[in-house]
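Trainee: Structure for this input, please:
(chains A and B)
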Amino acid sequence: MRDFDGLREQLLRAGVAPRHVGRYLAELRHHHDDLIAEERAHGITGPAADEAARTRLGSNDELAAALLAKPGVRSVTARYPWLVFGILPPFGLLLGCVLWVAAMIVMGVKSGAIIPDHGNIPHLVPAWYQWTGSGMIFAVNFVIVPLLGAMLAWMAERQRLKLIWPLLGMALILVLSVHGTFHIEPKGRILLGLGTIIPWKGPLGPGGIDWPVFLAQAALLCLPLVWLWRARHKTASTQ
Amino acid sequence: MTNPNFMNGVPELLILRLLQRQEMYGYELVQAIRVSTREAIRLTEGVVYPTLHALEHQGVLKSRHKTVNGRTRVYYSVTAKGTRHLAGLSDQWNRIAGALHNLA
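Mentor: Okay, the predicted model is just below:
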């Protein structure tokens, strides 16, 4: 069976969307098998049949050029990596956190768990609300952020993009957004915070950086980068 | 015939004409092109797929997976839009062929 790995790499590096590459290669494989069968039927076997089938199917360069000449085959990730890796992840995560904070406030007010403008009147925040807030913050900090990092690494590997792009996305996630904090002070005042390495005092909380959380997130984000680096190393060594 | 300028639009016309008769998968289609043109047009066989995919994307072809003798094939056929598109292309080519015939 003909090895199409070289063509796959060529197309992915040229920015062709993986779904187009997958479909193209699957049909080329079937076609190659049919050509081999035809050659065998004509009494040509072994490497000669394979060689004849390869010649009829076309060289990698011809096959790649034919697909690249068609409009709309390049992926969004390949065409706009600055958007996919530079803008969407941090702002998407930031937007998600803002929505989460809004949801916590609405849920708290509606349920009576928090009382707006209560001044210095002591107010006991119920345990379920504290647990919900803390649980969701934990999920954002240690599940969503690492998953987002893994997704960026996977997308970069899938399209054979340079390592700089997922690295940029992960760095921006860490620097611009988002590690959340959720505190309830003794008098019942609730502090919902979005941490960032850039000091700011937003309306939603104290801002500032929680170094242990930040370092833990950085460590978790290194895992997909290590995986990506190893995948690249493996691909390079097999070529 | 392999000159890309003169071949412009020819594969599309051939593909649509052949697929209008019956649905076919890629290998079958390439062999049909060879036979129907008496090998006057010989394609590098693999390059037919990007054209098929592009035509499908334009809505003039549709595809379906079909398992034949344990092998999955992607069969292509012409849509209603493809039939109208083919009529337009055929008119265009008939005019060109007529003009060339008059020159001769």
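Trainee: Tell me the spacing between the residue of chain A positioned farthest from its centre and B:Gln92.
Mentor: The C-alpha centroid of chain A is most remote from A:Gly43, which lies 50.8 Å away (Cα atoms, centre = their mean). As defined by Cβ to Cβ, to the nearest Å, A:Gly43 lies at a distance of 44 Å from B:Gln92. Backbone N, C-alpha and C define where each C-beta goes, glycine included.
Trainee: which residues of chain A fall in helices?
Mentor: A:5-13, A:18-41, A:46-57, A:60-68, A:76-79, A:81, A:88-111, A:127-139, A:145-158, A:164-176, A:211-238 (DSSP state H).
Trainee: what would the ones you listed look like in TSV with mean pLDDT?
Mentor: Below are the helices of chain A laid out as TSV (pLDDT from 0 to 100):
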stretch	mean pLDDT
helix A:5-13	93
helix A:18-41	93
helix A:46-57	90
helix A:60-68	94
helix A:76-79	94
helix A:81	95
helix A:88-111	81
helix A:127-139	82
helix A:145-158	92
helix A:164-176	86
helix A:211-238	84
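Trainee: what about the nearest residue to A:Ala52 once chain neighbours are set aside, distance to A:Ser59?
Mentor: Leaving aside its sequence neighbours, A:Ala52 sits nearest to A:Glu39 (Cβ to Cβ, 6 or more residues apart in numbering or on different chains; 5.0 Å). According to Cβ to Cβ, A:Glu39 stands 18 Å off from A:Ser59.
Trainee: returning to what we had before: tell me the pLDDT of the residue farthest from the centre of chain A.
Mentor: pLDDT for A:Gly43: 90.
Trainee: phi, psi of it?
Mentor: For A:Gly43, the backbone dihedrals (degrees, to the nearest 10) come out as phi 90, psi 10.
Trainee: Against B:Gln58, how distant is A:Gly72?
Mentor: Relative to B:Gln58, and taking Cβ to Cβ, A:Gly72 is found at 10 Å.
Trainee: Give me the more crowded residue out of these two.
Mentor: Shown here are A:Gly72 and B:Gln58; by other Cβ atoms under 10 Å in any protein chain shown, B:Gln58 has more neighbours (13 against 9).
Trainee: what's near enough to touch the more buried one?
Mentor: B:His85 (Cβ atoms under 8 Å, 6 or more residues apart in numbering or on different chains).
Trainee: Kindly report the same for B:Pro50.
Mentor: A:24, A:66-67, A:69-70, A:73.
Trainee: Swap in 6 Å and give it another go.
Mentor: A:66-67, A:70 (Cβ atoms under 6 Å, 6 or more residues apart in numbering or on different chains).
Trainee: near chain B, from these?
Mentor: With Cβ under 6 Å from any Cβ of the partner chain as the criterion, the contacts of B:Pro50 include A:66-67, A:70 near chain B.
Trainee: re the thing from before, give me the common contacts of A:Gly72 and B:Gln58.
Mentor: With Cβ under 6 Å, 6+ apart, A:Gly72 and B:Gln58 have no common neighbours.
Trainee: Now do stretch B:56-68, average pLDDT.
Mentor: 93.
Trainee: For chain B, what lies in contact range of chain A?
Mentor: Going by Cβ under 6 Å from any Cβ, the residues of chain B near chain A are B:26-27, B:44-47, B:49-50, B:54.
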